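# dropping the sequence and predicted coords here.
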Amino acid sequence: MPAAIIAPILTIVRSTMPRGEPMRLLSTQMLLLALIALVCPSTIHSQSVSLDWTLSPDRTWSGSEWNSNRLQDWAVIGGELRCINSQLRDPVRTTILLTRECNLTRGAFSFTTEIGTGWQGEAKEGSFGGFLFGIGGPEIDHRIRAIVHDKPAANGGILAVVHPDGRVGFRDFTTGGGGGSWSIGGPLGDKRGQLLPNQAQDGDGGPGPWVLKLTLTQPLTNKPEPDSSYRVSLTAHQVESGKQISSAILSGVSPAQIDGSFGLASHLGGKKNSEGWRFKKLQAQGFGLVAHPERSLGPIYGVQYCLSRDKNGTHEWNLTAQLAPISSEEVVSTQLLIIKEDEWRTVASGDFEALSRTVNFRVKDWKANRDHQYRVRCRLRDGNGTETDHDYAGVVRAEPDADGEPIVIGLISCMKNFTGNLAWNSSSIWFPHQEVATGVMAHDPDLLCFAGDQIYEGDISRSELNPPDKMMLDYHTKFLRWYRSFGELTRNIPCITIPDDHDVYHGNIWGAGGKQGRKQPGTTAQDSGGYKLAPREVNAIHRTQTSHLPDPLIEGPIGEGYSVYTTQVEYAGLSIAVISDRQFKSAPRPSVPEGNVVNGWFRNPEFDPKDADLPGLELLGDSQEKFLDEWALDWGRGARWKFLLSQTPFSNIATLPPGKTGAVTQGLRIVKTGGWPEGEMPVADCDSGGWPQSQRNEAIALLRKAKAFHLAGDQHLSSCIRYGVDEFRDGGVAFAGPAVANTWPRRWFPSTEGSGDKVSPHRGTGDYFDGFGNKMTVLAVGNPYKTGREPARLLDRGPGWGIVRVDNNKREVTFESWPRWCKPGDPDSEQYPGWPITVSQHSLDGRKPYAHLEPVQELEGMEVVTVVKSDTPPGDALYSYRLRPGEEWSPPVFAAGTYHVLFANMEENRFKLLPQQIIP
């Protein structure tokens, strides 16, 4: 090889070696790497990054290059990034760099930061701050790597830190694991995060602040790289004097311990305040750095949008942008733009709401006849007064043809991210649920319905309820994970999202008409009824999840000031009522004192839950019932179908061993596929929609009037049932999709066979009474079973997603329940047993007709038929229905009397009343 080429190669190689060491025999791979770097600079070139916060205003957000764990634990103050939480119960706070990672196949690297203590006086024992590196590797989703903090576990990396006395060292952040099924919180154990044994430390240290530098050196042997071991050096220099005061060299480090993500870490702090460690900047460089600018995050985290037809035949397009926890002072303007005539043009402006960190845009008279590219533009002002635009792009889709291919709805709920046995990889962290996002996208959905529990309040990191501003940052930490999981779907697909109990930091919630729950003697705040959080926080959560929906159609706020989101969405021939079956619901403990209800379960063994149907109780509340009654007859704006979206089904589809409450659910033995634990009985859980019974029956009657399907989530048990009120099968059909992931695997293993005509070959189907005595016909359930797949704690609990296919030509709806491990389209992919299920629209009123009126068909362009019982002043409208083109239909009636049939073209406001018919 010519000297002109060899010399530069040797220069590159020497740059990776410690100063003063003799040249060693180099591995072939290192020489090839250097040669490629020289002759193919476009293929591999040294990366460098220098980040600081000097131009950042004081705020909570670390910046788009970072993910802070947790948001409330870090702040930019005075041009520095500071950890502001040094509590023992919150160890090892991190902020992970998103846009760079390490890859040893490309070369070496180094990191430098200026670090200091954020407190005066004595430090808590065991405190340290510095780098966390070697987090995971390319085989682990970078979104998992970005949330590593708190506890060491597999793939957690290595800590390279300085201690309060100025001495440096390497600490283990890989050995650990364990943890409960809910959170990983709690103090760092004595044997966790220990100094690694294979290091040589030198120097007596000294006061800071310090310049902390980490450098990766060449392999210690000339073996091929996969079998090589590396050395990592760490030095601390005093900022003021420039003097090196301590060093450490870690030997025998494998490539797997070095590859992956890296960031900054702060553990504990001063004894007398909450401050942890502070950082002025980070510099990183070397061939081993790989740039990923596409992974930057914010200031716009994501969007949700919804299209709904108005009475003019156009649409209202509502879009909510979720921003990072920036300050109001930074926001100059926010705009929604689309491409029109090859130019980006503003179609709406919005205002930044500080607590929810949202901006809502509303565009009226939107023509949804084709796809449009859009941008959300947020102009921010930095600490120097410079203004910069930040864009987030997506596609607002054309409304599908209601009479074309079946409309496809994705039904998604209950996103638990962690269920114990901590490891910083997908064997323990279910986030970011890529299998579900990919699986849903494989169906090319026209609409997404997120039915609740987008977050769990104590998931991964503990919940923090006070002070309120920290509580909201805690919520944003968790809601960001939802956007990181499903934001690529909501960017380009319209969605309807509703919160459930965990979204507002409850295990169960009975909203009691909007009161604030307060602890009472012998009763928790949750059991007393109402919200544990104040209206300010709940309303902000509602804004993050529901402000992209059409305006509420009931009066609000309610009670002590809680906002409402009850509304209807008119899209692609679907008329979707969106309600809350929690906000108005009575709390069972104060309402049924003789039952001694705790967390929704009757603790008095002498009390029969069937007797809990008392006067004056609420499920949906008067205002929502009135809304549903009016919606049932509103078949304008092209509506062919009625769907109700709420949190939970109006029956209790679950069994347990006799005498047990839901507290045992998590610990019950999961049986092998095809197994059946004998002796279980239907239960009465007041968290379900099966209580209160009379109000449940009223809700089902309203659905029947609308010929509406019911979509829900909540139960973690995929189910499809037909409601019964007076008789089995006289109501409509409800579909609850499977949980994305869950800790609480509810189950349906009744010990008796279902009665009535057979609906499925599978056991547990047919006619049943639930624990409250409600009638229901079980069509299918997706029970938890041992699947033989790993991770079992995820896949044995019935996870997945739901799909609804709406065929207007046949007037049939097909429900699909897909296991999480499936890849739709693969020949081996099968749905949960009993699915798919196809239901006709006319079957949604299952009552046996007393008689039928004379056949009707489309009249003078009027397709909507309303049947009115005219001998019950002022005239009782029984139901409405939109006829299919060419359909001849004989409307059923259910009692003798006098009836009128009213024809309507609601879009053109034309009506015609047919002569009365008397049914003797």
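Yes, it's here. Residues are numbered from 1 along each chain as shown.

# any chance you could map the helices in the protein?
3-14, 28-39, 142-145, 434-441, 468-490, 525-528, 535-546, 588-591, 622-632, 693-706, 792-795 (DSSP state H).

# export the third one as CSV, just CAs?
Output of helix 142-145 as CSV, limited to C-alpha atoms (Å, rounded to 0.1, in the frame of the first residue of the first chain):
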residue,chain,number,x,y,z
HIS,A,142,-34.5,3.4,20.3
ARG,A,143,-37.7,4.6,22.0
ILE,A,144,-37.1,2.0,24.8
ARG,A,145,-33.5,3.2,25.2
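
# buried ones in it, by neighbour count?
For helix 142-145, the buried set under the neighbour-count rule, 16 or more other Cβ atoms under 10 Å, comprises His142, Arg143, Ile144, Arg145. The C-beta positions use only the backbone N, C-alpha and C, and glycine is treated the same way.

# nearest to Lys642 among those?
Nearest to Lys642, judged by Cβ to Cβ, of those is Arg143 at 37.9 Å.

# and the helices of the chain as CSV, adding distance to Ala739 and mean pLDDT?
Below are these laid out as CSV (distance: least, Cβ to Cβ, whole Å; pLDDT from 0 to 100):
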stretch, distance to Ala739, mean pLDDT
helix 3-14, 52, 37
helix 28-39, 46, 42
helix 142-145, 20, 99
helix 434-441, 10, 98
helix 468-490, 13, 98
helix 525-528, 21, 98
helix 535-546, 18, 99
helix 588-591, 24, 98
helix 622-632, 25, 98
helix 693-706, 23, 98
helix 792-795, 10, 96
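
# so which bits of stretch 813-826 are buried?
Result for stretch 813-826 [16+ other Cβ under 10 Å]: buried residues Val813, Thr814, Phe815, Glu816, Ser817, Trp818, Pro819, Arg820, Cys822, Pro824.

# no, scratch that, I was asking about stretch 338-351
So stretch 338-351, judged by 16+ other Cβ under 10 Å, has buried residues Ile338, Val347, Ala348, Gly350.

# pLDDT added to these, as JSON lines?
Below are the buried residues of stretch 338-351 laid out as JSON lines (pLDDT from 0 to 100):
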{"residue": "Ile338", "pLDDT": "98"}
{"residue": "Val347", "pLDDT": "98"}
{"residue": "Ala348", "pLDDT": "99"}
{"residue": "Gly350", "pLDDT": "98"}
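
# just give me the closest of the residues you listed to Thr544.
For the buried residues of stretch 338-351, the nearest to Thr544 is Gly350 (14.1 Å; Cβ to Cβ).

# surely the closest one meets Val363?
No: with contact defined as Cβ atoms under 8 Å, Gly350 does not count as touching Val363 (10.7 Å).

# which neighbours do these two have in common?
Leu336 (Cβ atoms under 8 Å, 6 or more residues apart in numbering).

# ranking helices and strands of the protein by mean pLDDT, which lands last?
The helix or strand of the chain with the poorest confidence is helix 3-14; it has a mean of 37 (mean pLDDT, DSSP states H and E).

# is it possible to get a markdown table of the buried residues of stretch 813-826 that adds distance to Arg89 and pLDDT?
Below are these laid out as a markdown table (distance: Cβ to Cβ, whole Å; pLDDT from 0 to 100):
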| residue | distance to Arg89 | pLDDT |
| --- | --- | --- |
| Val813 | 49 | 99 |
| Thr814 | 49 | 99 |
| Phe815 | 44 | 99 |
| Glu816 | 44 | 99 |
| Ser817 | 40 | 98 |
| Trp818 | 39 | 98 |
| Pro819 | 37 | 98 |
| Arg820 | 33 | 98 |
| Cys822 | 40 | 96 |
| Pro824 | 43 | 90 |
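
# of all the residues you listed, which two lie farthest apart?
Pairwise distances among the buried residues of stretch 813-826 were taken by Cβ to Cβ; the largest, 23.1 Å, belongs to Val813 and Arg820.

# okay if I get the helices of the chain as a markdown table plus distance to Ala393?
What follows is those, written out as a markdown table (distance: least, Cβ to Cβ, whole Å):
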| stretch | distance to Ala393 |
| --- | --- |
| helix 3-14 | 39 |
| helix 28-39 | 35 |
| helix 142-145 | 20 |
| helix 434-441 | 18 |
| helix 468-490 | 12 |
| helix 525-528 | 42 |
| helix 535-546 | 21 |
| helix 588-591 | 48 |
| helix 622-632 | 35 |
| helix 693-706 | 38 |
| helix 792-795 | 33 |
